[in-house]
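>>> Okay, predicted coordinates and the sequence, questions at the end:
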Amino acid sequence: MSVRVRFAPSPTGALHIGGVRTALYNYLFAKKHNGSFILRIEDTDQARFVEGAETYIEEALKWAGITPDEGVNAGGDFGPYKQSERKVRYKEFSDQLIAEGKAYYAFDTSEDLEDMRERLKEARVANPQYNAITRMQMSNSLTLSEEEVTERIERGDPYVVRIKLPRNEDVRFKDIVRDWVVVNTAAMDDKVLLKSDGMPTYHLANVVDDYLMNITHVIRGEEWLPSAPLHVLLYQFFGWEKQMPALAHLPLILKPNGKGKLSKRDGDAGGFPVFPIAWKSPEGEVAAGFRESGYFAEAHLNMLAFLGWSAGTAQELFSLAELVEAFSLERVGKSGAKFDPIKTKWFNEQYLRLKPDQELATLIKPIAPKVSDELLIGVCGLM
């Protein structure tokens, strides 16, 4: 099967450069192997949906030069590419797991869950969670009679669907970046797969979508590594082991001092952008973008490629075509990559020097409209 990868952001706000880097690595990997790069919008969390975020994501990728082969607005044979438009399918798969005894209905209220956590804290349980032990003391289809479960559902009582994890079982998978990962289910909880509003959680939706879209490799941020064992189990529960994509979890992009994940606050404090293009929140707050701060898209992309990946040579300036040729997931590091504002400016300087005077004059024209083209071209050459 040909390589098929996806970038699946949530429209909950501005796209951080960590997300752009994830999109870039997916794009480079797909093109290196003559495969397809897909843009999928994961909008199942309706409570966090932000108006304008989806359009922002598309514009940011377009500016960066990362063009989807399939997806929202690009079309394709595996749509719809927006999760909110696939709602019915997720329930079908959720019902399948329940019928096979691999998931269950849970009717617990928020108060029930808080009481459970308090009881466990009093019993000095370090990490209170809804798991193979505690689920038998809760209000769900494992503890209630079949008649009562049916009655509650027909009455319209709110419920969620939780995965029924096996007790004390090792989940093993090989990550392209991190090698073998082993997690015991005793350290996991029975995550919600289907929410009370009928929408799936990320865990169910991304596994179902990846399977239906024939995704061959899932390349995503390190923050999703703790969820990977659950996703592996879902592939096993559905009987899709042979179709399970290869996994690669990318290192975090760190603050310039290397202490913690890079955030907008760090950019504000350091006077540098952390978003590809400017973002205006629904409240009217404006955050700077690389584009509006005077960075070239090519320089921005070149800089991002080196945040976690090494070419293994002394070469630092790469066109997009050269990045495609040189890229491999095996050369992505495990450790976090420090964002360096000075090095970022250096990249931009190199691309500025390479620009023809005519192109620079065209870029400057809007702020010097009364100056002749000939004089602008001469000034750009001198500068």
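Sure, I can see it. Values in this document were obtained by computation on a predicted structure and should not be read as measured data. Numbering: from 1, shown residues only.

>>> Contacts only, for the nearest residue to F339 once chain neighbours are set aside.
Leaving aside its sequence neighbours, F339 sits nearest to L262 (Cβ to Cβ, 6 or more residues apart in numbering; 5.0 Å). Just so you know, the C-beta spots here come from the backbone N, C-alpha and C atoms, and that holds for glycine as well. For L262, the contacting residues are H16, I17, G18, L252, I253, L254, K255, V274, F339, by Cβ atoms under 8 Å, 6 or more residues apart in numbering.

>>> Show me the strands in the stretch 1-150 of the chain, by range?
Taking DSSP state E, counting those that start in this stretch as the test, the strands found in the stretch 1-150 of the chain are 4-7, 36-39, 70-71, 103-106.

>>> Which stretches in the stretch 251-383 of the chain count as helices?
264-270, 297-305, 320-326, 341-354, 357-364, 373-382 (DSSP state H, counting those that start in this stretch).

>>> Go through those helices and pick out the most buried.
Across the helices of the stretch 251-383 of the chain, the average number of neighbours (mean count of other Cβ atoms under 10 Å) peaks for helix 297-305, which reaches a mean of 23.

>>> now the helices of the stretch 251-383 of the chain in CSV, with distance to Y104 and mean pLDDT?
Shown next, in CSV, are the helices of the stretch 251-383 of the chain (distance: least, Cβ to Cβ, whole Å; pLDDT from 0 to 100):
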stretch, distance to Y104, mean pLDDT
helix 264-270, 40, 93
helix 297-305, 43, 98
helix 320-326, 46, 97
helix 341-354, 50, 97
helix 357-364, 60, 95
helix 373-382, 68, 95
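
>>> Can you add distance to V149 and give these back as TSV?
Conversion of the helices of the stretch 251-383 of the chain to TSV gives the following (distance: least, Cβ to Cβ, whole Å):
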stretch	distance to V149
helix 264-270	45
helix 297-305	50
helix 320-326	53
helix 341-354	57
helix 357-364	65
helix 373-382	73
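
>>> related to what we said a few turns ago, out of the strands of the stretch 1-150 of the chain, the one nearest D179 is which?
Among the strands of the stretch 1-150 of the chain, the nearest to D179 by Cβ to Cβ is strand 4-7 (20.3 Å).

>>> circling back to that earlier point, adding distance to K62, mean pLDDT and mean neighbour count as columns, could you present the strands of the stretch 1-150 of the chain in JSON lines?
Shown next, in JSON lines, are the strands of the stretch 1-150 of the chain (distance: least, Cβ to Cβ, whole Å; pLDDT from 0 to 100; neighbours: other Cβ atoms under 10 Å):
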{"stretch": "strand 4-7", "distance to K62": "13", "mean pLDDT": "98", "mean neighbour count": "26"}
{"stretch": "strand 36-39", "distance to K62": "11", "mean pLDDT": "98", "mean neighbour count": "25"}
{"stretch": "strand 70-71", "distance to K62": "12", "mean pLDDT": "96", "mean neighbour count": "22"}
{"stretch": "strand 103-106", "distance to K62": "39", "mean pLDDT": "98", "mean neighbour count": "22"}
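
>>> distance of E223 from Y202?
Distance, E223 to Y202, by Cβ to Cβ, to the nearest Å: 11 Å.

>>> quick one, what contacts the closest residue to P341 other than its chain neighbours?
Leaving aside its chain neighbours, P341 sits nearest to F272 (4.3 Å; criterion: Cβ to Cβ, 6+ apart). By Cβ under 8 Å, 6+ apart, the contact set of F272 is S293, P341, T344.

>>> can you check V149 too?
Y105, S141.

>>> what does the model give the residue nearest to P341 for pLDDT?
Per-residue pLDDT puts F272 at 96.

>>> Tell me the gap between stretch 278-285 and the middle of its chain.
Distance, stretch centre to chain centre, for stretch 278-285: 21 Å (Cα atoms, centre = their mean, to the nearest Å).

>>> returning to that earlier point: so which of E223 and Y202 has more stuff around it?
Taking other Cβ atoms under 10 Å, E223 and Y202 do not tie; Y202 has more neighbours (18 against 12).

>>> Report the contact partners of that one.
By Cβ under 8 Å, 6+ apart, the neighbours of Y202 are E42, T44, D45, S227.

>>> Near the third one, how many other residues are there?
What that stands for is D45. D45 has 17 neighbouring residues, counting by other Cβ under 10 Å.
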